[in-house]
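1. Following is a predicted model, sequence given first.
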Amino acid sequence: MKDVQGWWEVPSICYYCSLLGNAFGLPDFTIERLEEALLNEEEDVLLTEMYTALTQAILPNAVEKSWREKVALIFSERNKNNPFEKSDFEKILTSWEKLDILYNLCEMRMENSDMNGIIKTIEKWQLKTLPIGEDSDEMLYWYFCGTRIYRQDRNVEHLERKSVGMSGMKKYAYETLLKLTDTPRSNLIKEE
């Protein structure tokens, strides 16, 4: 569980879905529920619903295909690492593969032509993701989904910034977000 809680893609997906889930027909869920689904060795209902909704929006004409077949088709068309490249649609996915599929589908969904209209319906203040504070070691602190505080080390040389989304919705996910535990939120806010 600790590994999954340290992956920056988890809060990124939760934030994305909290903003756009209704518009995309995605189910409501908590960050804990998503982590549970990723760790579930069997196919989880939450992930199946999310994969199905996202692949249907990305590939609307392939109605007769399963979400796994659609992922294989979408990923091969876009030269992404395809977990089903040998047409092994019964393959048991690792937690990381499940998360990678979901994260990539979220990014690809942002490329649909209907996104400009959807983004316009969201309040501008909701589109901003700002750190809640910084400490003396120049660590940034981020608060996601009402339950977690993450720490970002800005001094790490290999830090890669990935832009998630499109113009009008700039949100950055960082490779080095780490979960913090037992740190009161009030202790993390930078004093002016």
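-> Alright, I've got the coordinates. Numbers count the residues shown, from 1 in each chain.
2. tell me the SS of Arg151?
-> Per DSSP: H, G, I helix; E, B strand; the rest coil, the local secondary structure of Arg151 is strand.
3. burial of it, as a residue count?
-> Neighbouring residues of Arg151 were enumerated by other C-beta atoms under 10 Å; the total is 18. All C-beta atoms are positioned from the backbone trio N, CA, C, and that covers glycine.
4. unless I'm mixing things up, it is touching Met139, no?
-> Yes: Arg151 lies in contact with Met139 (C-beta atoms under 8 Å); the separation is 5.1 Å.
5. quick one, strands of the chain?
-> Counting by DSSP state E, the chain forms strands over residues 133-134, 139-144, 148-153, 161-164, 171-174, 177-179, given from the N-terminal end onward.
6. partner strands of the third one, parallel or antiparallel?
-> Listed by DSSP bridges, the sheet partners of strand 148-153 and their directions read strand 139-144 (antiparallel), strand 177-179 (antiparallel).
7. for it, which positions count as buried?
-> Residues 148-152 are the ones in strand 148-153 that count as buried (16 or more other C-beta atoms under 10 Å).
8. Just flag the most distant two among these.
-> Checked with C-beta to C-beta, the buried residues of strand 148-153 reach their widest spread between Arg148 and Gln152, with 12.9 Å between them.
9. ok, the closest residue to Pro11 other than its chain neighbours - contacts?
-> In space, not counting the residues next to it along the chain, Pro11 is nearest to Phe144; the distance is 3.7 Å by C-beta to C-beta, 6 or more residues apart in numbering. Contacts for Phe144 were tallied using C-beta atoms under 8 Å, 6 or more residues apart in numbering; they are 11, 14-15, 31, 150.
10. Nearest to Val63 among those residues?
-> Looking across these and measuring by C-beta to C-beta, the closest to Val63 is Cys14, at 28.5 Å.
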